[in-house]
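Visitor: Dropping the sequence and predicted coords here.
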Amino acid sequence: MKPRHMKHLSTLGGHRQLRVLRLDASASPDDSASRKLGDAMIARLRRAVPVELRQRDLNADARFIDAGWIEANFTPYGERSAAQSECLRFSDTLIDELHWANHILLTTPMYNFSIPATLKSWIDLVCRPGVTFSYDEDGPMGLLAYKSAEILVTTGGIALGSEADFVSDYLKQVFSFIGIDDIDLIGADCMHVDAEESLARALARIELDEMENILPEVA
Ligand SMILES: Cc1cc2nc3c(=O)[nH]c(=O)nc-3n(C[C@H](O)[C@H](O)[C@H](O)COP(=O)(O)O)c2cc1C
């Protein structure tokens, strides 16, 4: 049986060019396991399809929402003051990056059973009613369409999928909430137990994607 991400990556064949937005959440700029997985995934994608890449290190410019931001966000578009529009500018930029991309590559470690605060701050800035999601009588609806996401997660001692994993389902929920439900997650978990083996397993999953079925479709 094919791994689920093979099917997932094969769907990328519909794109003539991949516009990849890469987001890195690890606070460690060097020797980061999750960034290593991200590098391998970019190399893997580049071998299969033309890739245009934009990158954002979520630690480089982390900003957190505050009362002024919330008020600006809930003020209708045409009624915002210049100061309120300015307050939302960074969030607009992050959302523009999502609109530009057709594939999101997120790398993140687990911090204290969950995600790094910088990644949470990015999520708070991009989940905006009327912009990336809306509600109708059937409930919430994501407004970002035709995009896929690859989430690469590393952990020290907690197994992904275990009861203490508050990363995997949470991130899938957030992406699908804003309309990105073609999501795959690859983990190198329990790195503190056997880092080499765990990384090797995740890298093998990344390398497994032969993508023969993509190549003929790319111009
Ligand atoms: C502040 C901090 C909190 C962490 N919390 C957890 C945790 O709750 N569970 C876990 O399994 N590993 C935890 N770890 C270990 C990291 O998830 C693990 O070392 C991961 O591979 C780091 O990825 P990176 O090298 O890309 O930063 C934590 C590491 C740090 C620095």
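Guide: Thanks, I have it. Numbering: from 1, shown residues only.
Visitor: can you list the residues of the protein near the ligand?
Guide: Taking C-beta under 6 Å from any ligand atom, the part of the chain that reaches the ligand is made up of 26, 28, 32-35, 109-113, 154-158, 191. The way it works is simple: take the backbone N, C-alpha and C, and place the C-beta from them, glycine included.
Visitor: Report the buried members of those.
Guide: Burial by neighbour count, judged by 16 or more other C-beta atoms under 10 Å, picks out 26, 32, 33, 34, 35, 109, 110, 111, 154, 155, 158, 191 from the residues of the chain next to the ligand.
Visitor: Dump the residues you listed to TSV, plus pLDDT and secondary structure.
Guide: Shown next, in TSV, are those (pLDDT from 0 to 100; DSSP: H, G, I helix; E, B strand; the rest coil):
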residue	pLDDT	secondary structure
26	98	coil
32	97	coil
33	97	helix
34	98	helix
35	98	helix
109	98	strand
110	98	coil
111	98	strand
154	98	strand
155	98	coil
158	98	coil
191	96	helix
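Visitor: mind listing the helices in this structure by residue range?
Guide: For the chain, helices defined by DSSP state H occupy the ranges 4-10, 33-48, 67-74, 82-87, 89-100, 117-126, 168-177, 191-207.
Visitor: Let's have the ones you listed in a markdown table, adding distance to residue 132.
Guide: Shown next, in a markdown table, are these (distance: least, C-beta to C-beta, whole Å):
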| stretch | distance to residue 132 |
| --- | --- |
| helix 4-10 | 22 |
| helix 33-48 | 23 |
| helix 67-74 | 11 |
| helix 82-87 | 17 |
| helix 89-100 | 6 |
| helix 117-126 | 6 |
| helix 168-177 | 8 |
| helix 191-207 | 28 |
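Visitor: what's the closest of those helices to residue 147?
Guide: Evaluated over the helices of the chain, closeness to residue 147 peaks at helix 89-100, with 7.6 Å, by C-beta to C-beta.
Visitor: Against which helices or strands is that closest one packed?
Guide: Using 3 or more C-beta pairs under 8 Å, 6 or more residues apart in numbering; DSSP states H and E, the elements in contact with helix 89-100 are strand 18-24, strand 51-57, helix 117-126.
Visitor: about what we covered before: show me which of the buried ones among the residues of the chain next to the ligand is closest to residue 180.
Guide: Taking those together and measuring to residue 180 by C-beta to C-beta, the closest member is residue 34, at 19.3 Å.
Visitor: give the contact list for the closest one.
Guide: Taking C-beta atoms under 8 Å, 6 or more residues apart in numbering, we find residue 34 in contact with 24, 25, 26, 107, 108, 109, 152, 153, 154, 188.
Visitor: how much space between it and residue 177?
Guide: 22 Å (C-beta to C-beta, to the nearest Å).
Visitor: can you check residue 65 too?
Guide: Relative to residue 177, and taking C-beta to C-beta, residue 65 is found at 17 Å.
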